[in-house]
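> quick one, what's the 3D model for this:
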Amino acid sequence: MFGRSSLSTRTTLLGLPFLLAVPFLCGGIRAQHSSRQSHSPQSTPPKGERIEHSPELSLAEQIPALEDLSFWQQHLVQPEGGRVEKRMRGVFPVGNGRVFAYLGLASRANTLQALTGPRYRTLDPRSPKGHFGEMRLDLIERGQVLPLPAQSLWKVRGANIVISEDAEGDFGSPGALALSTINFAWKTSLQRWVEIRNRGKSPRSAQLLLTWDQGSVQAGLLTARDAGMGFEARLVSSRGGRAQGNQFRIDLGEIAPGASKSLVLSFQTKKADGNFPSAKVDQASFTKELGDSLAWWSNKLAGTTRIHTDRQDIQDLLEDWKVLMTVQVSEPSGAVCSMIHNREVGVRGSIGPVLAFLRYGMTRDARRILDYLYKATVVTGELRSSFPLDLDLSQAEAKLRSKGFSWDSIRFPQTEIPAWVLLMHEWYYRTTWDQDMLVERWPFLEACLKAMRGDKFGSFPTSGDEPSLGGAFFSLFPGRVGPNCFFPADTPNRRSRSFVNSVLYMMSINALSELGEDYDRKMAGASRKDEKFQSKKKDFYESFHIDYLQKMEAVFWLPKQKRFAPFRSPITFAPHTAPYGIPNLFPQWIGYTYAIGEKNRENLRSSLSALYLKDNRVGMTPTVGYAPGHLQGLLLYSLCDLEDGRRNDVLDALVDMAGPGGEWGELYDPEGHPVSSYNKEWPNRLSPMESGINIDAIYFALNGIRYVCSPGWSKKDQRFKLRLPNRSRWLSIKHIEHEGHLFDIFLDRVWKRNEGDKQDRTKKKRKLRFRISYDRINKDTAGVDAIDAAINVGQEVYVRYPTLQVPINETGSWPVDDDSFLPKRNGPGPFVPPPPTPKGNPRILYLATNPLAMPPQGAMILDIGLPLLPQQLANLLVDLRKNKRNFDTLLLGVGAMEPNRATFKTKAFWNHRMLVAAANAFTRLGGRIIHPGFLKTGSFVGPLFAKHLDDLDRLDFGAVAKAGGKVHFQSSSPILDLRAILKAKGKALPRGPWVMGIELPFFSPIAGQGILRLGSTGGAKVFLNGQPIVTRKVIREMVPDQDAILVPLRQGQNQLRVLVFQPGPEAKLSLRFTDMKGMPLGNQ
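Next up, the predicted model:
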């Protein structure tokens, strides 16, 4: 029992236990040891060591489950007042769908962060502090806060119970006082057992100090209110104390040597019109509710898929995530969200949870997610990329049954979002064979595919908010990546053509082909058994699928590089030649395993040969070792599918990345540690999407069963690929549900003689013994009482026909995966983008950033957002050896030299010595460098309050000028941000709606026709030299050169006036003139 355990702390080094004899600073499971860590305020053990430290809790004698602890624990020394290094820590959540908090990332192990309740939804989805902030416990002795640097966190197996310890001393030399807590969620409260133990030889007197950053005193209790949601919270203690400010102090009195004192704290929540639980809490009620919680979890996880193996880290990682994913299910909706980061129901964010729940046999939980997305689409009238957590879906069924309902009336986004919804339904169906749901959802699924429309090439654009793009990964630029990062340029006005989204469309066509066959069979009734039965839906979508496959491969395949281009330019349609981790490792995982020829294998081999590699992990680009949290899962899946010899090493690397808490985050640094994206203080950890994909990949590495469907794979048969991980002798996975079947797998390593080998009959060899037994066979797919099973065991494939009575029992050769896709190197990949070459003899080089901008006639258009080295641009511009320029004019597109997401070219790129020398030589040799020529100087008049866009028709410039004085300005930016400019002048725009006038002088070197290029966030009425030219009644996102307007120009000075309508305080505008060939005019 922990209550009577020895106080010694043990560590295991290379498998050999020994007692720590010196103070030791430690920080987690398999922590990476590097030179950078020596400067960290919290130190970690050398690689290979694991701290073995157990909690001491008097309650453990009464509740033995508190002794059954997960492998995934956190042990570190945090200097008092030192910086918290979150990338070296794990997240340990407690929650039940109504109340939530997490431990692990604060300066005390016991600190509860993101306090939430009685619902998960927050008014602002990005609320890292939850509803009620955080709560910390300290010990006070002689009026001073006691340093408690030795910090530990544990998880109880099979339940959501987290144990913390903050103690004096360190793990090599334990101190006297230790502050421990037991934490779990029950109904609308977070319950805490607090125990203070004196391990020393002398009595100690102390106080317990609770600090709640959002708390305040009301009726003697600490309370708080979330005004946005109208939720309330309070803290109740089983032991009396004094509340003052945001603190609650409890006098513990004297604690004898070897003794402890305990109390119960209850963090209670309610809605504004609801009631708090009982204010009376004690140790008896805590113990009962803890037992009830254990029983609830036991019932919840009964009948789920269970893994057992001698690799305890893998077993606990997979088993723990049943709990961790369930903790992030919002009740009563059943939707899953990232509780640490973004509390919305995202379609992409649901991919990982759906896969994980299917792997675990928790099909009801997967179905609840799909139901929420389906009904939310019906209720809101549109399929969104994300929905609020607590939508009222009570009217969804009535709306579906109404006579006027049609899926044609539902708005679908022109992105990949409908494809993900469709594919998740396919995965669910192929797991459960739920044909009633298939019939119900068929019109919705067809509408999803119908909504996706490609361009003339059959390609699809990015959405822009994908985690691998602007959603998270682009946050690294420019501060954390070098000048040649090779990120794909992608902004709202230049969406790249996406390989991933095009593949998703293709897989959606295939999904409807395979689902359509079962739909037709279900609707055909008895006639489906006719041998001549033909599914029209399958035939139609199958033919469509094959045609699109050929078209898509022709667009994205790069024959010279022997890989798929992850993107194509929206300006020139030129390929993004640098491999990009997620797209290039995407095909095998998503089920696109059937590319024509050897393209799948060639793509993986070529991509990995060029990408950044480190310690069996892959980076996102050839020069960037950072990676999204699920990229390593895609790597593992791909290597296992194509039988790479280092697949198990990659599995170990993925497992290590989960340490110390046994969870994955959104973004990782080159050392394999989780880091933040946009918000440095609040990294996105415990991420359901990334973690679910990684869980799926680990299971695939063990049994080879696909839940992400591939055409013709395991629908009419069962396919397995059985492997043991490194350092494992045996493994079993029980209660697997797939294709409507239910079965168990067992495999172990044995040593047996080769009976048929006369020369080697006496020598024992390592072999793999395996057993697959069925508890349920789905006759709708199998067709008979037996399963057509193909079991891959390395070089051997066993074809067997098990029944309910006759399992598969075999012993075969030890599996050896001998292919090689992953190079053995560390660091950047040897990638150099192909240099741009002109076609013909163009005299103008146009560096383009915007697909809407009209290029000059006869110019060579170079998308500056594509992979390009400064040396290559220099060589394109001039031939320094021949002292010859290659063009007459270099025309810079809008923002071509700005370090933004339209270019991903930093100042270091433009200041490269070779490029600077080339630019100087270019001008010295008579070349012209022309900038876009935006108008940046003028004056404002107004504003005048207005009602709507139609007011532009009746208003003239003079009427607006009378409403307010004139304000002169000179902008440093080509985009005129009206609010920012006026703020700098000490003026503010009204909240709206309003109309403002802008007057800008313009000198034209020519007389005749020109083009005014306008970009605006709102409506605009344009006057040139006193004459009205055009009126644009729009509300939109501003993009330079959105409108091209033919105008008559005077040679010399011209007067441009614009009336701008805006419904709110945000207003942006861009204006410039070009000649009829697209060359900028004046104001250079």
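
> could you pull out the helices for the stretch 851-1000 of the chain?
870-877, 907-910, 913-924, 951-954, 957-961, 978-984 (DSSP state H, counting those that start in this stretch).

> of those, which is nearest residue 112?
Evaluated with CB to CB, those place helix 978-984 nearest to residue 112, the distance being 39.7 Å. No exception for glycine: its C-beta is placed from N, CA and C like everyone else's.

> and that closest one, what does it pack against?
strand 937-945 (3 or more CB pairs under 8 Å, 6 or more residues apart in numbering; DSSP states H and E).

> could you export the strand it packs on as CSV, CA atoms only?
Taking C-alpha atoms only, strand 937-945 is exported to CSV below (Å, rounded to 0.1, in the frame of the first residue of the first chain):
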residue,chain,number,x,y,z
THR,A,937,-0.6,60.3,-49.9
GLY,A,938,-3.9,62.3,-49.6
SER,A,939,-6.5,63.5,-47.3
PHE,A,940,-9.7,62.2,-45.6
VAL,A,941,-13.0,64.1,-45.2
GLY,A,942,-16.1,63.0,-43.1
PRO,A,943,-17.3,60.6,-41.9
LEU,A,944,-21.0,60.9,-42.6
PHE,A,945,-23.4,58.5,-41.0
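
> that strand: how far from the chain's middle?
Counting by CA atoms, centre = their mean, to the nearest Å, strand 937-945 is centred 43 Å from the centre of its parent chain.

> got a list of contacts for that strand?
955, 957, 959-961, 963-971, 978, 981-982, 989-990, 993-1001 (CB atoms under 8 Å, 6 or more residues apart in numbering).

> which SSE is residue 420 in?
For residue 420, the host element (DSSP states H and E) is helix 417-432.

> contact partners for residue 574?
Per CB under 8 Å, 6+ apart, neighbours of residue 574: 568, 863, 866.

> identify the residues contacting residue 408.
Per CB under 8 Å, 6+ apart, neighbours of residue 408: residue 447.

> can you tell me the SS state at it?
What DSSP: H, G, I helix; E, B strand; the rest coil gives for residue 408 is helix.

> gap between it and residue 264?
Using CB to CB, to the nearest Å, one gets 58 Å for the distance from residue 408 to residue 264.

> over to residue 978?
58 Å.

> just residue 319 next, same as before
As for residue 319, its distance to residue 264 is 29 Å (criterion: CB to CB).

> kindly report the same for residue 85.
Using CB to CB, residue 85 is found at 32 Å from residue 264.

> next SSE downstream of the lowest-mean-pLDDT helix or strand in the chain?
Sorting the helices and strands of the chain by mean pLDDT, DSSP states H and E puts strand 16-19 at the bottom, at a mean of 27. Once strand 16-19 ends, the next helix or strand along the chain (criterion: DSSP H and E) is strand 49-52.

> and that following strand, how far out from the chain's middle?
Counting by CA atoms, centre = their mean, strand 49-52 comes out at 31 Å from the chain centroid.

> show me what that strand is packed up against.
strand 10-13.

> per-residue confidence averaged over the strand it packs on?
For strand 10-13, mean pLDDT is 33.

> please look at residue 171 and residue 53 and confirm they touch.
Yes - assessed by CB atoms under 8 Å, residue 171 is found in contact with residue 53 at 5.9 Å.

> and these two? which has more neighbours close in?
Using other CB atoms under 10 Å as the criterion, residue 171 and residue 53 rank with residue 171 on top: 26 against 20.

> so where do the strands sit in the stretch 751-900 of the chain?
764-776, 789-793, 796-800, 808-813, 844-848, 860-863, 878-879, 884-885, 889-892 (DSSP state E, counting those that start in this stretch).

> hang on, I meant the stretch 901-1050 of the chain
In the stretch 901-1050 of the chain, the strands defined using DSSP E, counting those that start in this stretch lie at 928-930, 937-945, 967-970, 976-977, 994-1004, 1008-1016, 1019-1024, 1027-1032, 1043-1049.

> tell me where the stretch 551-700 of the chain has strands.
557-558, 563-564, 567-568, 613-614, 617-618, 627-628, 667-668, 674-675.

> scratch that, the stretch 251-400 of the chain
According to DSSP E, counting those that start in this stretch, the strands that the stretch 251-400 of the chain contains are 260-271, 306-309, 329-330, 335-336, 345-346, 386-387.

> which of the ones you listed sits closest to residue 749?
Of the strands of the stretch 251-400 of the chain, nearest to residue 749 by CB to CB is strand 306-309, at 11.6 Å.

> and residue 680, what pLDDT?
89.

> count of residues packed around it?
10.

> quick check: it vs residue 792, distance?
Counting by CB to CB, the separation of residue 680 from residue 792 is 45 Å.

> repeat that for residue 435.
30 Å.

> swap in residue 492?
46 Å.

> between these two, who's got more neighbours?
A count of neighbours by other CB under 10 Å puts residue 792 above the other of residue 492 and residue 792, at 16 against 12.

> and the more buried one, how far from residue 798?
Distance from residue 792 to residue 798, by CB to CB: 8 Å.

> and if you look at residue 998?
Following CB to CB, the distance that separates residue 998 from residue 798 is 77 Å.

> the more surrounded of these two?
The residue with more neighbours, out of residue 998 and residue 798, is residue 998; 25 against 16, by other CB under 10 Å.

> in space, what's closest to the more buried one - neighbours in sequence excluded?
Spatially, and ignoring its direct neighbours in sequence, residue 998 is nearest to residue 1058 (4.8 Å; CB to CB, 6 or more residues apart in numbering).

> what secondary structure does the one you found sit in?
Following three-state DSSP, we place residue 1058 in the strand state.

> neighbours around the nearest residue to residue 62 once chain neighbours are set aside, how many?
Nearest residue to residue 62 in three dimensions, chain neighbours excluded: residue 287, at 6.5 Å (CB to CB, 6+ apart). By other CB under 10 Å, the residues close to residue 287 number 15.

> what does residue 115 give?
Neighbour tally, residue 115, other CB under 10 Å: 26.

> would you say it is within a helix?
No - assigned with three-state DSSP, residue 115 falls outside any helix and is strand.

> could you report the distance from the residue nearest to it when sequence neighbours are not counted to residue 125?
Leaving aside its sequence neighbours, residue 115 sits nearest to residue 132 (CB to CB, 6+ apart; 3.9 Å). Distance, residue 132 to residue 125, using CB to CB: 17 Å.

> thinking again about what came up before, so which of the strands of the stretch 251-400 of the chain gets nearest residue 947?
strand 386-387 (32.5 Å).

> ok, the nearest residue to residue 639 once chain neighbours are set aside to residue 144 distance?
Leaving aside its sequence neighbours, residue 639 sits nearest to residue 647 (CB to CB, 6+ apart; 4.4 Å). Distance check for residue 647 against residue 144: by CB to CB, it reads 54 Å.

> still on that earlier bit, quick one: which of the strands of the stretch 251-400 of the chain is nearest residue 636?
For these, the distance to residue 636 is smallest for strand 306-309, at 16.2 Å, taking CB to CB.

> which regions of this structure sit below the pLDDT cut-off?
Applying pLDDT under 70 to the chain picks out residues 1-49, 527-529, 531, 755-762, 782-783, 1083-1084.

> mind giving me the domain split of it?
Domain assignment for the chain by automatic domain parsing gives 63-301, 306-703, 718-813, 844-930, 937-1074.

> what angle do the longest helix along the chain and helix 417-432 make?
Counting by DSSP state H, the longest helix found in the chain is helix 499-524. Relative orientation of helix 499-524 versus helix 417-432 (axes from the mean of the first three to the mean of the last three CA atoms, to 10 degrees): 50 degrees.

> so what does helix 499-524 touch, helix or strand wise?
Going by 3+ CB pairs under 8 Å, 6+ apart, helix 499-524 lies up against helix 417-432, helix 435-451, strand 460-461, helix 536-556, helix 581-584, helix 586-590.

> residues in contact with the residue nearest to residue 115?
Contacts of residue 132 (CB under 8 Å, 6+ apart): 115-117, 212, 214-215, 224, 226, 233, 269.

> try residue 563
Applying CB under 8 Å, 6+ apart to residue 563 gives the contacts 579, 584, 602-603, 606-607.
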